[in-house]
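Trainee: Okay, structure incoming, though there's no sequence with it:
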């Protein structure tokens, strides 16, 4: 956002200042309009399409957060995201590590084959482990951008920024960029890329800021990603 100020002319001042000020204001409005096009109109989407895409990403972000925090099992997750993600996305997801303990890792594909009894056993163990580490008070907030245009025809990007906090301090920051393609008239999430940093309790504010500034997916075509006002909030392991 480019700030501008309207300054009244003092008596006796050159009126050319007024004309120059009008030119500056007009230039500022043009810049703001062009910047807005890269996020919305420049993507060539209708208002309905933009809202559909944002809703899909919000739905996926919510489902994946719940899956990772044992608030939703994998079959329920699968049902929740069916129709909004591609087969290639689900194939990549099936190999993702969801949790682990005692030197054993459990991937999404393992969870798909779990009985309800086994799932509840892992859930109880993980919740106890997290509580013993003092991590059960984790809180998370996720911001979603509007769609951004891609160089590829029939593709758009949308960004998500997730902050996880513990006792008022940033614990983890994750930036994600989703790719969406249009299939049979509907937009489908096809891929996601992520960058992540963890802030240690002994790190200085300067060190933390340096890590955050180095994160990928903070910008699109050289400009800072702009996020919508709506924020998704979660209370970790409750």
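Mentor: Structure's in. What do you need? Note that the structure is a prediction, hence the values are computed from the model and not measured.
Trainee: only C-alpha atoms for contact and neighbour calcs from this point on.
Mentor: Noted.
Trainee: how distant is the one helix or strand residue 131 maps to from the center of its chain?
Mentor: Element membership of residue 131, judged by DSSP states H and E, is helix 116-132. Relative to the chain's own centre, helix 116-132 is displaced by 27 Å; criterion: C-alpha atoms, centre = their mean, to the nearest Å.
Trainee: For it, buried residues please.
Mentor: 119, 123, 126, 127 (16 or more other C-alpha atoms under 10 Å).
Trainee: just stretch 47-66 next, same as before
Mentor: Buried residues in stretch 47-66 (16+ other C-alpha under 10 Å): 50, 53, 54, 56, 57, 58, 60, 61, 62, 63, 64, 66.
Trainee: Of the residues you listed, which belong to helices?
Mentor: If you go by DSSP state H, the buried residues of stretch 47-66 have 50, 53, 54, 56, 57, 58, 60, 61, 62, 63, 64, 66 in helices.
Trainee: got a list of what the fifth one touches?
Mentor: Contacts were defined as C-alpha atoms under 8 Å, 6 or more residues apart in numbering; by that measure residue 57 touches 144, 189.
Trainee: now the last one
Mentor: Residue 66 is in contact with residue 72, counting by C-alpha under 8 Å, 6+ apart.
Trainee: mind listing what the lengthiest strand in the chain pairs with, with the direction of each?
Mentor: Ranked by number of residues, the top strand in the chain under DSSP state E is strand 169-183. The pairing partners recorded for strand 169-183 under DSSP bridges are strand 155-166 (antiparallel), strand 186-198 (antiparallel).
Trainee: for it, the distance to its chain's centre please.
Mentor: On C-alpha atoms, centre = their mean, the centre of strand 169-183 falls 4 Å from the chain's centre.
Trainee: Tell me which residue is most central in this protein.
Mentor: By C-alpha atoms, centre = their mean, the chain has its centre lying nearest to residue 160, at 1.1 Å.
Trainee: Give me the domain ranges for the protein.
Mentor: Following automatic domain parsing, the chain resolves into domains at 1-39, 41-234.
Trainee: how about those domains in CSV, adding mean pLDDT?
Mentor: Below are these laid out as CSV (pLDDT from 0 to 100):
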stretch, mean pLDDT
domain 1-39, 38
domain 41-234, 93
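Trainee: count of residues packed around residue 140?
Mentor: Residues near residue 140, counting by other C-alpha atoms under 10 Å, number 21.
Trainee: Setting the sequence-adjacent residues aside, check what's closest to it.
Mentor: residue 164 (4.3 Å; C-alpha to C-alpha, 6 or more residues apart in numbering).
Trainee: quick one, what contacts the one you found?
Mentor: 138, 139, 140, 141, 170, 171, 172, 173.
Trainee: now those residues: which count as buried?
Mentor: Looks like the contacts of residue 164 have 138, 139, 140, 170, 171, 172, 173 buried, using 16+ other C-alpha under 10 Å.
Trainee: so what's residue 182 bridging to?
Mentor: If you apply DSSP bridges, the partners that residue 182 bridges to are residue 187.
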